[in-house]
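A.B. asks: coordinates only, no sequence provided:
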């Protein structure tokens with residue numbers, strides 16, 4: 001797996017498709033199709049069609065309705081250059097080579113259509129971590145994710161790794177994921193979260209952690 005976080009994405013050595021126009025805008029070269037977060041198009045040059053992709057079938061639609069996980073997607077076809085962004089968040093690229101990553105749905109910006117994806121329960125989290133569900137993407141191709149602030153890429157192979165469930169943006173599917181409970185249940189863990197448990201990661205792979213717990217969701221009261 002090659003990532004823009006490592007700073008080793010040489011456009012002369014990788015397949016064409018995705019590129020960073022800047023740190024907050026993704027440029028996609030068509031005619032290849034692309035699946036992107038609905039509403040993320042900020043500009044395009046050429047001729048393109050935008051179709052609502054939804055949840056990718058009844059099974060995924062049901063999972064999304066039951067879990068709240070997974071971004072609404074659009075499928076873009078045509079010729080030219082497509083520019084994507086999401087609330088001026090930082091954008092990071094991953095090129096998968098017959099491998100997979102697990103992504104928080106709200107951080108998923110775009111991916112190539114040959115990649116397989118599904119909504120799955122985070123292994124080991126279960127009800128203890130609020131029944132955490134994420135979007136799993138596997139295969140060979142480009143994936144673009146967003147982070148709220150500059151993230152850190154942690155190598156879980158170096159030592160046991162722990163992260164707040166909302167701050168963990170994505171991680172390798174090869175990792176073993178569990179829940180770590182603090183000794184003192186009243187302790188404040190994380191940046192103002194008040195949580196007494198975190199996701200734990202072990203094995204060969206990475207965890208991408210953003211510099212916040214994400215933008216809070218405001219519920220309107222009638």
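C.D. replies: All right, it came through fine. Note that this is a predicted model, so its numbers are computed, not measured.
A.B. asks: show the average pLDDT along the strand or helix carrying residue 95.
C.D. replies: Assignment of secondary structure by DSSP states H and E places residue 95 within strand 90-103. In this model, strand 90-103 has a mean pLDDT of 94.
A.B. asks: so what's residue 112 up against?
C.D. replies: 17-18, 32-35, 141-143 (Cβ atoms under 8 Å, 6 or more residues apart in numbering). Placement of C-beta: from N, CA and C, glycine included.
A.B. asks: which parts of the strand holding residue 95 are buried?
C.D. replies: For strand 90-103, the neighbour count (16 or more other Cβ atoms under 10 Å) marks 90-96, 99-103 as buried.
A.B. asks: tabulate those residues (CSV), appending distance to residue 175.
C.D. replies: Putting the buried residues of strand 90-103 into CSV (distance: Cβ to Cβ, whole Å) gives the following:
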residue, distance to residue 175
90, 23
91, 23
92, 18
93, 20
94, 15
95, 19
96, 15
99, 12
100, 11
101, 10
102, 8
103, 13
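A.B. asks: re earlier: can you list the strands that the strand holding residue 95 pairs with?
C.D. replies: strand 2-3 (antiparallel), strand 133-147 (antiparallel), strand 168-172 (antiparallel) (DSSP bridges).
A.B. asks: highest neighbour count among the contacts of residue 112?
C.D. replies: residue 18 (28 neighbours; other Cβ atoms under 10 Å).
A.B. asks: by mean pLDDT, point me to the weakest helix or strand of this protein.
C.D. replies: helix 58-67 (a mean of 44; mean pLDDT, DSSP states H and E).
A.B. asks: what's the first helix or strand after it?
C.D. replies: strand 73-84.
A.B. asks: before I go, just wanted to say thanks for your time.
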